[in-house]
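*Asks:* need a 3D model of the sequence below.
(one chain, ligands or ions: 3)
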Amino acid sequence: MLFWVEAECAGEEDVSSPTEPSPMAEAAGADGVWEVDPGAFTLRASPGFCRLIPPSRAGGAVTLADWLARLHPDDRPALASALAPATDGAVCGFSLDFRVADPASSLAGGSGGAGGEGEDGGAGPWLWLRALGMPWAGGRLAGTLSDITAQRMAEERASLALRGSGDGVWDWDLGAGTVHYSPEWKRIATRCSDTALDGTIHAWFARVVAADRAGLEGAIDMHLSGERPVLRHEFRMVDSSGQEHWVLVRGKAMRDVTGRAVRLTGTVTDITPRKKAEQQLLFDAFHDTMTGLANRTLLLDRVGQALNRDRRTASRPFAVLVIDLDRFKTVNETHGSAIGDRVLRVIAKRLEEARRMGDTLARVSADEFAMLLNDIDDVGDAITAAERLARSIAQPIDLFDHDIQITASIGIAHSVTGYERAEDLMRDASLAVFRAKQQGRNRVDVFDSNLRRQAMSAMRLETELRAALEQDQLCLFYQPIVSLAHNRIDGFEALIRWRHPERGLVPPGEFIPLAEETGLIVPIGRWALREAVRQIVQWQARFPRPVPLFMSVNVSPRQIHDDDLAGLVAEVLAGSGIPPSSLKLEITESLLMQDPAKSRDVMQRIRDMDVRLSIDDFGTGYSSLSYLHTFPADTLKIDRAFVSAISTGESSAAIVQVISTLAAILRMDVVAEGIETETEAEFLRDIMCKFGQGYLFHRPAPAEVVEALLTDATEDASDGAILGLG
Ligand code: C2E
Ligand code: MG
Ligand code: MG
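*Replies:* Ligands and ions are numbered 1, 2, ... in the order given. Next up is the predicted model:
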């Protein structure tokens, strides 16, 4: 039941008549109620209505003509037709927003007031009102009237702010199925402002990247159904040139009293730069920047996926290859890191070219790559693949002015071994690499459980060796080097030993290769040189000779490459009081061949101090003596293998003779290593080999044993120190 004020809106007092407020109008949140008889062209209005649309005649009743007269000219036709009956006399419900002259400003003479869009030529500032009408008894229309000026202004402000933010605006009338797109929306979403877009939602969706369309529709549905309070979704759109770009859409639905969405309005923002940055970050997190390959994290993830597949379905086996470049450090040190990087990139490219589709190639550390091989038949497939990769790595690499060649040691872990975690496959493949390196590099090795045991013990050995160095468990044994002509001790070779707390005396062959691999040889070698010099200083003082006793010390390749060997020698000799010529450094033939230029340079600096240099294990490295002579060495040590051939009468015995003769021509001394029999000693004496060393004379022994030997020899012999060899 509506409450009416019968036509008399006679001023403020009357407006607050007892019929106000109307409960229904209040319930609807309206400011006034009205009833129109279109046929009779009459209006009945509540006092609230009259406050918004006062009668033209003070004290009189408000008329339909008053209402229409107060309307903004632009809005008048719409309301007039809404209030008019159809040709058949029927009336329809409606909802209309329109402007009326603000009564406050018309009372005050047309100025001030809350004001809508006062730019029009009307009576001044405008109020925005909303009329809702519905058919009423007797062919009449009844309805409410609400002041929506504040809401309109807020909307206007929001829209101004939006225009300022650069976001595009869209407004979808869900009932009519039409969408309004702002010029900014067109510019952002289609990247082209003059695109002719029809006002449908299809015009938008058609420009969404196909893969993202379902996601966008889903997000809209969830908001419309009320599942999500707001619409917020990121997706890609395609511009007219087919380029993709990222946008963020935000929106909120307007709902009717039942909660049903009737309109969906929102914005669209270009988020391409942010997305690109995000994608770059994501890429960086899973890739190696230098080569662009996957990194360890991504590889582990893929291996994890392969393991999962393996568990779920009885899929085909897979393998992980760890590919470790041999002596890559030397490349960096010799040629500089820029060349080192270039070499890595070349190898990465070769591996990438050799990679099958579906396999993952990663760079997992500085000089280490890894590959996940999916779908293989058996471990034989993995070995074949590894050998193929090794061959492609070993191709010469062009460094502009010359070529270099790099080899790789490859370890394989095979899924059939049975694994739970990706890390375990990687670990086992690394163990296989470790063994491949130990067995001489440039090899492929497959993990087996023996290997795990071996590698574990190698790792333990490394830890123990570090401790050994700190805890003084290393010591030097000394093996006499004898003048063959005089049967007299002229010097010694210092040979390292490890007094292991549990294992007893460990020979160098069991820990020097590991020390070289890990770099521990540098501090170990420094210690050995200092200790050997300290010892020979003592012995020269106690056992003076016309030609002082000499000391031969073994030097590892890494001491030349990773340490300032010449500096160390100078430092050790300084203040020692011994003639530099009584110190000899033994360098193996193979070392010289690794980096001839650097070796030659370091050796020359040492030779310039008058320190002597021996080429150790001569004959094992297949290099010619004439080439070796380009190094400033003055002694050759003939390898034991040739010396023992003397006793067995093999033809290689003749080689010993040739080497001795050549050495004499080149004015180099010769030391024959590993003399075990008198026959060998005799033969060597006959061919004028100057020095000998071997079990026949004495085994390597601790300092005190050697000292006793020297003491005895000095006492026994009248003509110098002769070995008491029985
Ligand atoms: P090397 O320098 O060729 O030393 C000679 C090796 O032959 C020594 O083995 C020695 O004990 C052994 N030997 C000597 N005479 C005979 C013989 O008549 N018969 C047999 N069967 N063997 C004989 P050792 O002491 O086990 O040393 C092995 C290798 O370890 C050395 O070979 C050397 O390359 C390396 N080494 C030893 N000490 C050091 C060190 O302080 N630094 C470095 N970098 N390497 C060292
Ligand atoms: Mg030696
Ligand atoms: Mg040797």
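*Asks:* so residue 212 makes contact with residue 235?
*Replies:* Yes - proximity of residue 212 to residue 235 meets the contact threshold set by Cβ atoms under 8 Å, at 3.9 Å. Bear in mind the C-beta positions are built from the backbone N, C-alpha and C, glycine included.
*Asks:* the closest residue to residue 558 other than its chain neighbours: neighbour count?
*Replies:* Leaving out its chain neighbours, the residue that sits closest to residue 558 by Cβ to Cβ, 6 or more residues apart in numbering is residue 521, at 5.1 Å. Residue 521 has 23 neighbours, counted by other Cβ atoms under 10 Å.
*Asks:* residue 521 touches residue 555, doesn't it?
*Replies:* No - counting by Cβ under 8 Å, residue 521 stays clear of residue 555, with 9.5 Å between them.
*Asks:* quickly list what's touching both of the two.
*Replies:* Residues touching both residue 521 and residue 555 (Cβ atoms under 8 Å, 6 or more residues apart in numbering): there are none.
*Asks:* quick one: the nearest residue to residue 607 once chain neighbours are set aside from residue 352, how far?
*Replies:* Once flanking residues are discounted, residue 607 sits nearest to residue 632: 4.1 Å by Cβ to Cβ, 6+ apart. Counting by Cβ to Cβ, to the nearest Å, the gap from residue 632 to residue 352 is 45 Å.
*Asks:* cool, and residue 504?
*Replies:* 50 Å.
*Asks:* for the residue of the stretch 1-150 of the chain found nearest ligand 3, grab the count of nearby residues.
*Replies:* Here the residue of the stretch 1-150 of the chain nearest ligand 3 is residue 150; by Cβ to the ion that distance is 100.2 Å. Applying other Cβ under 10 Å, we find 11 residues neighbouring residue 150.
*Asks:* what pLDDT, on average, does whichever strand or helix holds it get?
*Replies:* According to DSSP states H and E, residue 150 maps onto helix 149-165. Mean per-residue pLDDT for helix 149-165: 78.
*Asks:* for ligand 2, what's the nearest residue on the stretch 51-200 of the chain?
*Replies:* Relative to ligand 2, the nearest point of the stretch 51-200 of the chain is residue 191 (75.1 Å; Cβ to the ion).
*Asks:* backbone phi and psi for that residue, please?
*Replies:* The phi/psi pair for residue 191 (degrees, to the nearest 10) reads phi 60, psi 30.
*Asks:* now it. Nearest residue, chain neighbours left out?
*Replies:* Of all residues not flanking residue 191 in the chain, residue 239 sits nearest, at 3.7 Å (Cβ to Cβ, 6+ apart).
*Asks:* ok, the one you found to residue 354 distance?
*Replies:* 39 Å.
*Asks:* just the element for the closest residue to ligand 2 within the stretch 351-500 of the chain, please.
*Replies:* Proximity of the stretch 351-500 of the chain to ligand 2 (Cβ to the ion) peaks at residue 493, 5.5 Å away. Using DSSP H and E, residue 493 sits in strand 488-500.
*Asks:* ditto for residue 457
*Replies:* Applying DSSP H and E, one finds residue 457 within helix 449-470.
*Asks:* same thing with residue 364?
*Replies:* Residue 364 belongs to strand 360-365, assigned by DSSP H and E.
*Asks:* which residues does that strand contact?
*Replies:* Against strand 360-365 from outside (Cβ under 8 Å, 6+ apart): 288, 290-291, 293-296, 298-299, 302, 322, 344, 348, 351-352, 355, 369-372, 426.
*Asks:* show me which positions of that strand end up buried.
*Replies:* 360, 361, 362, 363, 364 (16 or more other Cβ atoms under 10 Å).
*Asks:* pick out whichever of residue 504 and residue 352 has more residues nearby.
*Replies:* residue 352 (13 against 9).
*Asks:* pLDDT averaged over stretch 399-408 - what is it?
*Replies:* pLDDT averaged over stretch 399-408 gives 86.
*Asks:* A helix includes residue 441, no?
*Replies:* No - going by DSSP: H, G, I helix; E, B strand; the rest coil, the assignment for residue 441 is coil, not a helix.
*Asks:* neighbours of it, how many?
*Replies:* When neighbours are counted by other Cβ under 10 Å, residue 441 registers 15.
*Asks:* per-residue pLDDT, it?
*Replies:* 87.
*Asks:* quick one, phi/psi of it?
*Replies:* phi 70, psi 180.
*Asks:* who's in contact with it?
*Replies:* 326, 327, 407, 409.
*Asks:* what mean pLDDT does stretch 259-273 have?
*Replies:* On average, stretch 259-273 scores 90.
*Asks:* the closest residue to ligand 3 within the stretch 251-400 of the chain: neighbour count?
*Replies:* Residue of the stretch 251-400 of the chain nearest ligand 3, by Cβ to the ion: residue 327 (21.8 Å). Neighbour count for residue 327, taken as other Cβ under 10 Å: 17.
*Asks:* which residues of this structure lie near ligand 1?
*Replies:* 479, 495-496, 507-509, 512, 525, 528, 554-556, 586, 616-617, 640, 673-676, 693-695, 700 (Cβ under 6 Å from any ligand atom).
*Asks:* run the chain-centre distance for the strand holding residue 364.
*Replies:* 10 Å (Cα atoms, centre = their mean, to the nearest Å).
*Asks:* got the contact list for the next helix-or-strand element following that strand?
*Replies:* Next along the chain after strand 360-365, taking DSSP H and E as the criterion, comes strand 368-373. With Cβ under 8 Å, 6+ apart as the test, strand 368-373 has contacts from 293, 296, 299, 302-303, 306, 318-325, 347-348, 351, 355-356, 359-364, 381-382, 385, 389, 426, 429.
*Asks:* in strands, which of those residues fall?
*Replies:* Those of those mapping onto strands are 319, 320, 321, 322, 323, 324, 325, 360, 361, 362, 363, 364, per DSSP state E.
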